[in-house]
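# Structure for this input, please:
(one chain, ligands or ions: 1)
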Amino acid sequence: MGNFHNLPAKANDRDFPGIGIGGFLINLMDYCATETMIRNTQELIQKIQPEIVVQDNSGFALLIREEAGKKLILDESKPLIYKKIPNPMPIHNVAAALKIKPDILIASDWPVKKLKDGDNREKEFEKKLHYNKKWAIQTYQFLNKTPNNIKLYVAYQGYTLRHMEIFFEAISSIQFDGVSMPIRNQTLGQTALFLMQLWKMGVKNIHLLGVAALFPMALAAFFARHFFEMVTMDASSYKDKAFESKYANPHNLSPVYVGENTIIDPDVKMDCKCSACKRRSFLYYQNLPYTYRHVLLCSHNFWATENMGQELHKHSTTVKSIINFLKSKTDKVRKIEELHGVLSLVEALKNKVIRYLEAAVG
Ligand SMILES: [Zn+2]
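Residues are numbered from 1 along each chain as shown. Coordinates of the predicted model:
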């Protein structure tokens with residue numbers, strides 16, 4: 001495998017989809033909250049032998065509670081779960097990592113909310129910066145107290161290139177191996193600008209959170225090919241779709257419902273070569289009991305995503321080659337045009353200052 005890795009998130013020992021073909025993303029709250037969970041996670045890693053293990057920080061649990069108006073603790077002297085409230089602090093993140101020994105640890109963070117208004121974004125960025133700066137530095141300090149081979153990625157949480165400059169200036173006292181970034185609220189153009197800026201800052205490794213759709217993955221594959229030493233992505237969509245009895249079309253990842261009592265579009269061919277689908281038909285999926293269908297679809301959906309990622313990476317030699325590849329796979333013409341525009345801009349502006357472009361890409 002090259003420098004482009006797709007990691008299943010939310011996997012467990014019953015539906016782990018990627019034995020031998022991918023990595024594994026665990027997070028602090030769901031995999032490391034108790035000694036028993038840590039032991040189970042260690043055993044699972046032993047069993048599935050992923051190519052790469054990334055430990056995420058469960059900062060998202062803070063955002064979910066915050067958005068629901070629920071109480072937060074944010075106190076490192078309290079345990080990871082205190083009075084049933086998640087309290088994922090750097091000290092817990094590192095303590096778990098030293099036991100699990102992931103390849104990559106994502107420093108603790110508190111994600112910014114999805115906001116449109118500029119003033120609100122500034123306030124939100126400033127509020128979270130206070131914590132995100134402190135927690136990145138603390139994660140680094142705690143991790144470095146004990147000899148280990150874990151690579152540290154810091155998590156960028158902001159809305160603009162200026163925020164990016166401010167955050168990295170604020171943590172300039174620490175060393176890190178890569179940067180983790182959510183892209184769920186970004187356009188392709190914004191993601192591309194952030195990635196270019198990180199590359200210009202000398203960042204070598206990137207983890208993109210929640211990437212499984214065709215076009216963001218194509219963008220990430222292009223950057224993996226031309227800019228970074230390693231790009232990893234993670235998503236749980238393989239599993240979320242399986243829960244809904246949806247089969248990811250291996251040619252373009254569009255979902256096909258394969259539950260009972262449905263007529264599947266005859267234009268969609270069951271020609272998948274993965275171990276779950278080989279020599280099987282859609283009817284086979286439709287007639288399976290739900291639990292078996294779920295497990296097989298997890299396996300298929302992950303394979304389809306992973307295989308598409310590798311195909312995109314392979315076809316990323318030039319902007320033209322990846323665009324032609326996408327044209328052969330999907331009829332989403334406007335999305336292809338959008339990506340084409342973004343990648344052409346990236347190629348043209350690799351060696352220029354890019355901050356002034358931000359308004360142009362929307
Ligand atoms: Zn398949």
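# pretty sure residue 268 is in contact with residue 249, am I right?
Yes - the criterion here is CB atoms under 8 Å, and residue 268 meets it with residue 249 at 6.2 Å. All C-beta spots, glycine's among them, are computed from the backbone N, C-alpha and C.
# what about residue 232, distance to residue 85?
30 Å (CB to CB, to the nearest Å).
# Helix, strand, or coil at the residue of the chain most remote from its centre?
Using CA atoms, centre = their mean, the residue of the chain lying farthest from its centre is residue 261. It sits 33.9 Å away. Secondary structure, DSSP: H, G, I helix; E, B strand; the rest coil: residue 261 is coil.
# Next, find the distance separating it from residue 268.
According to CB to CB, residue 261 and residue 268 sit 17 Å apart.
# Could you pick out the residues of the stretch 201-350 of the chain near the ion for me?
272, 274, 276, 277, 300 (CB under 5 Å from the ion).
# coming back round to it: can you pull the residues that touch both of residue 268 and residue 249?
Common contact partners of residue 268 and residue 249 (CB atoms under 8 Å, 6 or more residues apart in numbering): residue 256.
# which one of those two has more residues nearby?
Between residue 268 and residue 249, counting by other CB atoms under 10 Å, residue 249 is the more crowded of the two (19 against 14).
# so who does the more buried one touch?
Each residue near residue 249 by CB under 8 Å, 6+ apart is listed here: 255, 256, 268, 304.
# of those, buried ones?
256, 304 (16 or more other CB atoms under 10 Å).
# Which of the contacts of residue 249 fall in strands?
Members of those lying in strands (criterion: DSSP state E): 255, 256.
# how about a markdown table for the contacts of residue 249, with pLDDT added?
Formatted as a markdown table, the contacts of residue 249 follow (pLDDT from 0 to 100):
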| residue | pLDDT |
| --- | --- |
| 255 | 95 |
| 256 | 96 |
| 268 | 89 |
| 304 | 94 |
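# Same list, the contacts of residue 249, but as CSV with distance to residue 41 please.
Formatted as CSV, the contacts of residue 249 follow (distance: CB to CB, whole Å):
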residue, distance to residue 41
255, 30
256, 33
268, 37
304, 26
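# between the contacts of residue 249, which is closest to residue 35?
Nearest to residue 35 among those: residue 304, at 36.3 Å, using CB to CB.
# just checking, the closest one touches residue 276?
No - using CB under 8 Å as the test, residue 304 is too far from residue 276 to be in contact (9.8 Å).
# Now do the helices for the stretch 51-200 of the chain: every range, in order, please.
In the stretch 51-200 of the chain, the helices defined using DSSP state H, counting those that start in this stretch lie at 59-67, 90-100, 118-143, 161-170, 188-200.
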